[in-house]
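# Fold the following, please.
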Amino acid sequence: MSPNRITWLNASDPAEAFPDVESSLTEPDGLLAAGGDLSAERLLAAYSRGIFPWYEEGQPILWWCPEPRCILWPADLHISRRLRQQMRNSSAELRFNCSFSNVVRECAGERRSQQGTWITDEMIAAYEQLREDGWAHSVEIWDDDELVGGLYGICIGKVFFGESMFSKKPNSSKMAMLGLVTHMQSSGLQLIDCQVVSPHLMTLGARVISRSEFTDFLASACNPPVPQQDWPAQATPVSQL
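I've put the predicted structure just below:
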């Protein structure tokens, strides 16, 4: 493949028909392929190989695997003393998977105001199907029965592939991240994929590793490729996190 070309996928191609991630472009960083579809099978095949979709309305589906990769080891999560104090005095609750579609739509709304419409209606429908199939999950912060913050992503094997987060009240997405990490540490999940570097994620303890190190880790951590089932059903006061 030419270093300036990417692979074009057809919807009829096998779900796993992605090129080697090391053939990703350097400019724009990590662009690997275009086309295909957002079927559950293709999405799961992509994520387990370190590939994710990211595109805007009017574009074909674009598939990415950047170099380096931004990740967060649960033990590295940094929560400030000030936020810990805020949480001790908070009436908010942590819930999982109670309002997945609303979390995704809140994330889409926040992105529309800041970066464009990359969480498209097509993407929303695809992740709602993954939620129905047990692969996608939302981590939610509720206050006075109002959804005020959260995040969502896909969990395959021992890896949580984070997609997006939002906050309607200060620090609520950080509380959701702490709730996710608390669950991961009690259930054997090992890594959060943060995809690309952002200053916000780095302040929370994220780091970068090479693409090859990341995909080597996925080869074992996502095998067998099964959904994780034991997500808490009961709400937890954030004061107890």
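
# Domains in this protein, by residue range?
Here the domain parsing of the chain from automatic domain parsing is 7-67, 70-240.

# could I get those domains as a markdown table with mean neighbour count and mean pLDDT?
Where you see a C-beta, it was placed from the backbone N, CA and C, and this is true even at glycine. Converted to a markdown table, the domains of the chain look like this (neighbours: other C-beta atoms under 10 Å; pLDDT from 0 to 100):
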| stretch | mean neighbour count | mean pLDDT |
| --- | --- | --- |
| domain 7-67 | 17 | 96 |
| domain 70-240 | 18 | 93 |
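
# and the spatially most central residue of the chain, what element?
For the chain, the residue nearest the mean C-alpha position is residue 162 (1.5 Å; C-alpha atoms, centre = their mean). Taking DSSP states H and E as the criterion, residue 162 maps to strand 159-167.

# what packs against the following helix or strand past that strand?
Using DSSP H and E, the helix or strand that follows strand 159-167 in sequence is helix 172-187. Judged by 3 or more C-beta pairs under 8 Å, 6 or more residues apart in numbering; DSSP states H and E, the packing partners of helix 172-187 are helix 81-88, strand 93-96, strand 136-143, strand 146-156, strand 159-167, strand 191-195.

# Any idea what the closest residue to the residue nearest to the centre of the chain other than its chain neighbours is bridged to?
Sequence neighbours aside, residue 153 is the residue nearest to residue 162 in space, at 4.2 Å (criterion: C-beta to C-beta, 6 or more residues apart in numbering). Residue 153 has these beta-bridge partners by DSSP bridges: residue 137, residue 162.

# hmm, who's touching the strand holding residue 162?
The contact list for strand 159-167 (C-beta atoms under 8 Å, 6 or more residues apart in numbering) reads 47, 52, 103-104, 106-111, 119, 127, 137, 148-155, 173-174, 176-177, 180, 184, 189-195, 217-218, 221-222.

# circling back to that earlier point, please look at the residue nearest to residue 162 and residue 136 and confirm they touch.
Yes - here residue 153 reaches residue 136: they are 7.0 Å apart, a contact under C-beta atoms under 8 Å.

# tell me the contacts of the residue nearest to residue 162?
Contacts for residue 153 were tallied using C-beta under 8 Å, 6+ apart; they are 136, 137, 160, 161, 162, 163, 192, 193.

# ok, now how distant is it from residue 81?
Distance, residue 153 to residue 81, by C-beta to C-beta, to the nearest Å: 27 Å.

# So what sits opposite the residue lying closest to residue 109 once chain neighbours are set aside in the bridge?
Spatial nearest neighbour of residue 109, excluding adjacent residues (C-beta to C-beta, 6+ apart): residue 166 at 7.6 Å. Taking DSSP bridges, one finds residue 150 as the beta-bridge partners of residue 166.

# OK, contacts around the nearest residue to residue 90 once chain neighbours are set aside?
Spatial nearest neighbour of residue 90, chain neighbours left out: residue 238 (5.2 Å); criterion: C-beta to C-beta, 6+ apart. Residues near residue 238 by C-beta under 8 Å, 6+ apart: 87, 90, 92, 93, 94, 141, 175, 178, 179.

# Phi, psi for the third one please.
In this entry, residue 92 is assigned phi and psi values of phi -70, psi 160 (degrees, to the nearest 10).

# what's it in contact with, if anything?
If you count contacts by C-beta under 8 Å, 6+ apart, residue 92 has them with 141, 142, 143, 148, 172, 175, 237, 238.

# doesn't residue 148 make contact with the second one?
Going back to what we said before, that points to residue 142. Yes - taking C-beta under 8 Å as the definition, residue 142 is a contact partner of residue 148 at 6.8 Å.
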